[in-house]
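Peer 1: quick one: sequence plus predicted model below, questions after.
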Amino acid sequence: MEAAEDKATTAVLRPSLLKLFLSFLGLGATAFGGPAMVAHIRTLAVQKRRWLDEETFRSGVAFCQTIPGATAMQTCAYVGLRIRGAQGAAASFTGFGLPAFLLMLALSVLYARFHDVPTVVSTFGGLQALIIALIAHAAFTFGKAYLKKWQDFLIVPVAAVLFWLGLSPILVIVLSFLLGIAVKLRDGSAFQAAPAAREPFPLRAVVLILSLTAVGLSALFFLDRRLFELSLLMLRVDLFAFGGGFASVPLMLHEVVDVRHWMDLKTFMDGIALGQVTPGPIVITAAFVGYGVRSFAGALAATASIFLPSFFLVISISPFFLRLNSFSLFRKGISGVLCSFVGLLAITSLKFGIALTWDLPRIAIATAVFAALMLRVNLLWVVLGAALLALVLRL
């Protein structure tokens with residue numbers, strides 16, 4: 001009798017794919033604040049719908065914080081995966097990200113048409129000061145979260161100097177992984193007993209994603225080399241963005257501005273500003289970059305590519321996360337990578353700061369934004385306030 005009741009309860013709590021999609025679509029439309037949205041995902045999945053228990057959700061968040069990609073997006077995929085498998089992961093992941101893409105696409109179109117209008121120029125002049133404060137605050141947040149031992153502080157200046165000298169941030173990340181192992185080699189054992197994986201491996205979904213990705217990239221290679229290059233770039237950015245969406249900024253900056261010169265630094269900063277106006281993770285800036293490179297097709301290709309690795313890693317690594325995380329060397333390497341982003345983000349904010357013409361209004365905006373973020377003011381109000389102040393001051 002009890003078994004029958006438990007089965008009936010599970011059936012009630014197990015939503016349809018459409019309901020899962022619509023639930024996360026509504027959440028994604030108000031997903032301001034980046035990683036802070038994890039709390040709202042918890043409210044939906046654990047408290048309101050009771051799709052997952054607290055322990056399962058916390059394990060999922062820990063997993064998503066370990067792998068590269070936008071943490072909030074990946075948490076949505078993890079919730080869907082645990083409820084309805086790979087199809088559920090796709091439904092929740094797509095629903096959460098769709099509002100951000102549509103709004104960023106609309107803003108990219110408007111920006112391309114009106115960015116030379118004096119009022120728009122003055123507004124973005126203030127928002128560029130906002131972005132510098134945001135990136136500096138992200139560096140501070142990373143440092144507070146990941147710099148725990150004296151060895152961690154050795155990695156930060158190394159990463160910062162290498163990035164400043166022009167080394168690819170991806171190489172910096174790889175070196176930081178190895179440095180994290182080296183400086184912490186004597187800190188605990190190298191291996192711990194690995195628990196068995198508890199989740200089934202979604203082989204069909206993994207094969208399908210890899211096959212479609214290979215076919216899509218092959219088609220772009222022959223049909224449009226610029227779209228192929230754009231897609232490959234965004235795949236690589238997301239694959240190395242450990243620590244959440246802000247970690248993608250130095251990677252994208254290096255490739256889009258410094259290496260390929262697809263846009264200048266100030267335009268890229270404007271794209272990040274628009275990414276903060278939209279709901280969802282900051283990596284939606286990829287849609288802005290894609291639109292600048294190849295209009296609508298570029299925005300679609302860049303967005304799909306910047307999110308694909310995040311989704312793929314969730315469904316493919318989740319069954320083995322406990323086993324992988326049991327390796328002490330792996331954890332030390334990941335710790336080194338996370339520490340390196342303190343240096344990468346600090347140098348990125350410095351580059352942005354050098355590119356901007358500073359005056360008293362911009363200094364006031366940057367200072368006010370940083371202070372508001374330290375006081376944990378909602379990001380949406382911070383962005384809107386900075387934009388309004390820029391309009392009033394007519395920078």
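Peer 2: Looks like it came in fine. The model shown is predicted, which means the values in this text are computed figures rather than measured ones. Numbering: from 1, shown residues only.
Peer 1: name the nearest residue to the residue nearest the centre of the chain, ignoring sequence neighbours.
Peer 2: In the chain, the centroid-proximal residue (C-alpha atoms, centre = their mean) is residue 245; its distance is 2.1 Å. The shortest distance from residue 245 to any non-neighbouring residue, by C-beta to C-beta, 6 or more residues apart in numbering, is to residue 281 (3.8 Å). In short, each C-beta sits where N, CA and C put it, glycine included.
Peer 1: picking up where we left off before, wait, the residue nearest to the centre of the chain touches residue 276, no?
Peer 2: No - Residue 245 lies out of contact with residue 276 (C-beta atoms under 8 Å); the separation is 10.6 Å.
Peer 1: who touches both of the two?
Peer 2: Residues touching both residue 245 and residue 276 (C-beta atoms under 8 Å, 6 or more residues apart in numbering): residue 282.
Peer 1: which helix or strand lies directly C-terminal to the top helix by length along the chain?
Peer 2: Secondary structure of the chain read by DSSP state H shows that its longest helix is helix 71-114. Later in the chain than helix 71-114, the nearest helix or strand by DSSP states H and E is helix 118-146.
Peer 1: okay, buried residues for that following helix please.
Peer 2: Within helix 118-146, the residues that count as buried by 16 or more other C-beta atoms under 10 Å are 120, 122-143, 146.
Peer 1: that helix to helix 71-114, inter-axis angle?
Peer 2: Angle of helix 118-146 versus helix 71-114, following axes from the mean of the first three to the mean of the last three C-alpha atoms, to 10 degrees, is 160 degrees.
Peer 1: what helices and strands are in contact with helix 118-146?
Peer 2: helix 265-277, helix 328-355, helix 360-374, helix 379-393 (3 or more C-beta pairs under 8 Å, 6 or more residues apart in numbering; DSSP states H and E).
Peer 1: so which of those comes closest to residue 228?
Peer 2: helix 265-277 (21.2 Å; C-beta to C-beta).
Peer 1: return the distance of the helix or strand just after the closest one from the chain's centre.
Peer 2: Downstream of helix 265-277, the next assigned helix or strand under DSSP H and E is helix 285-317. For helix 285-317, the separation from the chain centroid amounts to 11 Å (computed by C-alpha atoms, centre = their mean, to the nearest Å).
Peer 1: do stretch 261-277 as well
Peer 2: That offset, for stretch 261-277, works out to 16 Å (C-alpha atoms, centre = their mean).
Peer 1: residue 231 against residue 220, yeah?
Peer 2: Yes - contact criterion C-beta under 8 Å: residue 231 and residue 220 qualify, at 6.0 Å.
Peer 1: now for those two: what residues contact both?
Peer 2: What both residue 231 and residue 220 touch, as defined by C-beta under 8 Å, 6+ apart, is the set residue 301.
Peer 1: more neighbours: these two, which one.
Peer 2: More crowded of residue 231 and residue 220, by other C-beta atoms under 10 Å: residue 231, with 25 against 20.
Peer 1: and residue 293, what does it touch?
Peer 2: The neighbours of residue 293, taking C-beta under 8 Å, 6+ apart as the test, are 226-227, 230, 262, 302.
Peer 1: top of the residues you listed by neighbour count?
Peer 2: Neighbour counts for the contacts of residue 293, by other C-beta under 10 Å, peak at residue 302, which reaches 32 neighbours.
Peer 1: the closest residue to that one other than its chain neighbours and residue 87: what is the separation?
Peer 2: In this structure, residue 302 finds its nearest non-sequential neighbour in residue 290, 2.8 Å apart by C-beta to C-beta, 6+ apart. According to C-beta to C-beta, to the nearest Å, residue 290 and residue 87 sit 27 Å apart.
Peer 1: likewise for residue 81?
Peer 2: 9 Å.
Peer 1: residue 288 too?
Peer 2: Counting by C-beta to C-beta, the gap from residue 288 to residue 87 is 30 Å.
Peer 1: more neighbours: the two, which one.
Peer 2: Between residue 288 and residue 87, counting by other C-beta under 10 Å, residue 288 is the more crowded of the two (29 against 15).
Peer 1: which residues touch that one?
Peer 2: 104, 107-108, 111, 271, 274-275, 299.
Peer 1: switch the cut-off to 6 Å
Peer 2: When the contact criterion is C-beta atoms under 6 Å, 6 or more residues apart in numbering, the partners of residue 288 are 108, 271, 274.
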